[in-house]
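Asker: Sequence and predicted structure below; questions after.
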Amino acid sequence: MMVLITDDLPEEISQHLQVFLSERPEWTQTRILQSALSLFLLQNGVSDKNVSQLYLQAMFPKLHINHRGMK
């Protein structure tokens with residue numbers, strides 16, 4: 001069962017998100033949520049390397065990223 005995150009979003013955001021997802025099958029709701037929340041946390045004072053890594057993994061899933069840098 002898939003739970004849509006768009007159910008609780010304003011209609012304008014929900015519509016654009018659905019278009020984005022339909023045009024980019026490599027993006028999932030989970031990936032969008034992970035990237036958005038981790039970026040929000042980083043921009044608001046969280047300095048945890050794990051959160052940074054999660055953001056980078058969501059944005060660039062084909063890269064292997066570890067705490068020492070990119071490979």
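Answerer: Cool, the structure landed. For clarity, every value in this text was computed on a predicted model and none was experimentally measured.
Asker: so residue 55 touches residue 43, yeah?
Answerer: No: if you go by CB atoms under 8 Å, residue 55 and residue 43 don't touch, sitting 10.1 Å apart. (C-beta placed from N, C-alpha, C; glycine too.)
Asker: So which of the two has more stuff around it?
Answerer: Neighbour comparison, residue 55 and residue 43: the larger count goes to residue 55, with 20 against 8 (by other CB atoms under 10 Å).
Asker: The residue nearest to the more buried one when sequence neighbours are not counted: which element?
Answerer: Nearest non-adjacent residue to residue 55, counting by CB to CB, 6 or more residues apart in numbering: residue 38, 3.8 Å away. If you go by DSSP states H and E, residue 38 is part of helix 29-43.
Asker: if we can go back for a sec, show the model's pLDDT score for the residue nearest to residue 55.
Answerer: As predicted, residue 38 sits at a pLDDT of 97.
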